[in-house]
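>>> Build me a model:
(one chain, ligands or ions: 1)
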Amino acid sequence: MNNKDSLSSPNPDAELYQSDPDKPTEPVGVRSLQELLERATHQPIDTHTTKDDPGIAEPNAFPFLGIVGQEDMKLALLLSMINPIIGGVLLIGPRGTAKTTAARSLLDLLPDVERSLCQYGCLPKDIESAGISAVCPNCAKNFGENKPVSRMERAHLVELPLNARLEDVIGGIDDRASIHHRLRLKRGILAQADQNVLYIDEVNLLPDEIVDAILDAAAMGIYTVRRGPMSATYRANFTLVGSMNPEEGNLRPQILDRFGLRVIVHGLDDPKDRLNAYQRAVAFRSNPLKLISQYKQATEQLRNEIIISRNRLSNVTIPEEISTAGLMLIHKLEIESLRAEITLFEAARAHAAADDRTEVDMEDIQRVAAMALRLRKSPFIGDYLHKRTSEDQNVTSMMETILAMTKRKDH
Ligand SMILES: [Zn+2]
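Numbers count the residues shown, from 1 in each chain. Alright, predicted model coming up:
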């Protein structure tokens with residue numbers, strides 16, 4: 001079974017862009033990712049509809065930079081692409097606030113990935129790290145004969161279907177292979193998402209066991225499937241993007257805590273922004289390739305900025321006074337979860353890297369604090385700890401009373 005094609009959006013054909021007569025308007029050379037984001041958001045677009053629509057019903061992604069407003073959402077998504085340790089993004093908001101559009105638009109911003117030519121996902125680096133037995137017999141043979149085992153290609157957006165079963169997500173027995181008396185494990189959606197973006201729409205409507213499996217894999221970067229005597233370990237380094245509409249049910253606090261950044265997505269307030277968003281939506285509906293081409297150059301720049309920021313990230317440090325301030329903020333907010341520090345500091349490092357700096361400053365912390373720390377304080381945990389503290393005090397004072405009574409008896 002090859003369900004990969006139905007799960008991932010096809011890459012738009014680059015040649016189609018080049019045949020478009022409209023030249024991109026974006027000038028070359030930006031100082032930072034922030035500046036680029038600002039500029040593209042306010043870039044005027046040509047809204048004239050033309051008759052040169054090629055009529056291809058290909059699902060093209062709306063350009064990320066064409067999304068009006070929603071600065072927090074765009075920033076959170078960019079930071080999580082620069083630094084995967086952040087732990088993904090949860091977009092919380094009502095329908096029609098461009099959450100899914102934004103997730104799908106990430107496709108054009110992701111750096112190329114090395115993709116296995118084999119259904120079991122074998123890569124040359126598996127052989128480098130664990131020897132020839134780490135790949136399937138076919139890939140071992142190809143590798144031995146100097147034939148390619150992988151190729152570089154554009155990243156995919158893997159969308160988790162709402163009706164996905166646990167077996168689809170983590171993988172299972174390959175029925176086709178077992179007909180030939182060769183039992184094999186089949187790669188699941190998580191393995192397909194490796195190095196890509198995994199998008200879960202309506203994450204609050206998924207069964208807990210599936211959400212748990214995904215979040216475990218996202219946290220570890222690998223996961224293991226066991227079926228009887230067989231087991232297989234897969235890489236699962238992906239940027240996780242979830243969305244939920246709070247009107248349709250809440251997410252358990254334990255699950256909510258495991259998403260890195262959380263963005264509250266509102267509808268647009270400014271009538272001018274709304275008009276702008278409407279015009280772009282209509283322009284995209286009538287001729288998607290034309291609108292895409294108008295953002296093509298800026299999109300390519302942003303993609304390069306992300307790659308440069310990723311490379312810069314390992315050099316970005318946090319000075320002690322900045323980390324002390326961050327820790328104080330978390331303490332004052334009475335947040336228990338250690339994920340608060342991870343997300344706050346890693347998002348701040350990504351923010352500094354995107355701004356071409358190798359040292360985090362207070363403004364980085366300020367900019368990401370709300371999206372890293374909101375909805376992290378569990379009212380249950382707070383209440384629980386409060387009760388435990390008073391219980392402990394009770395035990396201690398009771399003990400002291402008993403000790404005092406015992407002493408009195410001794411004398
Ligand atoms: Zn293989």
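
>>> Show me the shaky parts of this protein.
By pLDDT under 70, the weakly predicted segments of the chain are 1-59, 173-185, 378-382, 384-385, 410-411.

>>> Please repeat the previous calculation with a cut-off of 50.
For the chain, residues meeting the criterion pLDDT under 50 lie at 1-30, 47, 49-58.

>>> which parts of it sit against the ion?
Residues of the chain lying close to the ion (Cβ under 5 Å from the ion) are C118, Y120, C122, C136, C139. The way it works is simple: take the backbone N, C-alpha and C, and place the C-beta from them, glycine included.

>>> Buried ones from those, can you make that a ChimeraX selection?
Those of these that count as buried under 16 or more other Cβ atoms under 10 Å are selected in ChimeraX with:
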select :118,120,122,136,139
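
>>> any idea which of the residues of the chain next to the ion is closest to L90?
Y120 (31.4 Å; Cβ to Cβ).

>>> so what's the closest residue to the closest one other than its chain neighbours up against?
Sequence neighbours aside, C136 is the residue nearest to Y120 in space, at 4.9 Å (criterion: Cβ to Cβ, 6 or more residues apart in numbering). By Cβ atoms under 8 Å, 6 or more residues apart in numbering, the contact list for C136 reads C118, Y120, C122.

>>> I'd like the residues you listed as JSON lines, with distance to L162 and secondary structure appended.
Below are the contacts of C136 laid out as JSON lines (distance: Cβ to Cβ, whole Å; DSSP: H, G, I helix; E, B strand; the rest coil):
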{"residue": "C118", "distance to L162": "29", "secondary structure": "coil"}
{"residue": "Y120", "distance to L162": "27", "secondary structure": "coil"}
{"residue": "C122", "distance to L162": "31", "secondary structure": "coil"}
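
>>> Tell me the one among these nearest to V225.
Nearest to V225 out of the contacts of C136 is Y120 (Cβ to Cβ; 11.9 Å).

>>> Quick check: the closest one touching G171?
No. Applying Cβ atoms under 8 Å, one finds Y120 not in contact with G171, separated by 9.9 Å.

>>> picking that back up, ok, which pair from the residues of the chain next to the ion is furthest apart?
Y120 and C139 (7.6 Å).

>>> Y199 in helix, strand or coil?
Put simply, Y199 is strand when judged by DSSP: H, G, I helix; E, B strand; the rest coil.

>>> again, but for S390
helix.

>>> Now M152: phi and psi?
Phi and psi for M152, reported as degrees, to the nearest 10, are phi -90, psi 140.

>>> Quick check: closest non-adjacent residue to P94.
That would be N245: by Cβ to Cβ, 6+ apart, it lies 5.7 Å from P94.

>>> and the one you found, what does it touch?
With contact set as Cβ under 8 Å, 6+ apart, N245 has these partners: G93, P94, R95, E202, N204.

>>> how does it look with 10 Å?
Applying Cβ atoms under 10 Å, 6 or more residues apart in numbering, we find N245 in contact with 91-97, 99, 201-202, 204-205, 265.

>>> how about those in CSV, adding neighbour count and secondary structure?
As requested, these are exported to CSV (neighbours: other Cβ atoms under 10 Å; DSSP: H, G, I helix; E, B strand; the rest coil):
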residue, neighbour count, secondary structure
L91, 29, strand
I92, 22, strand
G93, 20, coil
P94, 13, coil
R95, 11, coil
G96, 10, coil
T97, 21, coil
K99, 26, helix
D201, 19, coil
E202, 16, coil
N204, 20, helix
L205, 14, helix
V265, 19, coil
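
>>> Out of these, the closest to the ion would be?
For the contacts of N245, the closest approach to the ion (Cβ to the ion) belongs to D201, at 31.3 Å.

>>> The closest one and L90 touch, don't they?
No. Taking contacts as Cβ atoms under 10 Å, D201 lies outside contact range of L90: 11.6 Å.

>>> Quick check: neighbours shared by those two?
K99, V241, G242, S243, M244.

>>> which of those sit farthest apart?
Among those, V241 and M244 lie farthest apart (Cβ to Cβ), at 11.2 Å.

>>> Tell me which of those two has more neighbours.
Higher neighbour count among V241 and M244: V241, with 29 against 24, using other Cβ atoms under 10 Å.

>>> What backbone torsions are found at that one?
In terms of degrees, to the nearest 10, the main-chain angles of V241 are phi -120, psi 120.

>>> before we move on, what about Y234?
phi -120, psi 150.

>>> which ones are touching it?
Counting by Cβ under 10 Å, 6+ apart, Y234 has contacts 120-121, 170-171, 185, 187-188, 190-194, 217, 222-225.

>>> Give me the buried entries from the residues you listed.
For these, a neighbour count by 16+ other Cβ under 10 Å gives the buried set as 120-121, 170-171, 185, 187-188, 190-194, 217, 223, 225.

>>> Filter those down to just the ones in strands.
G171, L185, R187, Y223, V225 (DSSP state E).

>>> ok, those vs the ion, which is closest?
Nearest member of these to the ion, counting by Cβ to the ion, is R187, at 10.4 Å.

>>> so that closest one sits right up against G121, yeah?
Yes. R187 is in contact with G121 according to Cβ under 10 Å; the separation is 5.4 Å.

>>> Spit out the residues that contact these two alike.
G171, D194, A232, Y234.

>>> Check these and tell me the two furthest apart.
D194 and A232 (13.2 Å).

>>> Between those two, which contacts overlap?
G121, R187.

>>> domain ranges for the protein?
61-112+154-279, 314-373 (automatic domain parsing).

>>> What are the boundaries of the strands in the stretch 151-300 of the chain?
157-159, 171-173, 185-187, 197-200, 222-227, 230-235, 239-244, 261-264 (DSSP state E, counting those that start in this stretch).

>>> what's the closest of those to T389?
strand 261-264 (27.9 Å).

>>> what's in contact with the closest one?
Residues outside strand 261-264 that contact it (Cβ under 10 Å, 6+ apart): 70-77, 79-80, 86-93, 97, 99, 102, 241-244, 246, 251, 256, 343-344, 346-347, 368, 370-376.

>>> do that again at 7 Å, thanks
72-73, 76, 79-80, 86, 89-93, 343, 347, 371-372, 374-375 (Cβ atoms under 7 Å, 6 or more residues apart in numbering).

>>> How far off centre is it?
Put simply, strand 261-264 sits 12 Å off its chain's centre (Cα atoms, centre = their mean, to the nearest Å).
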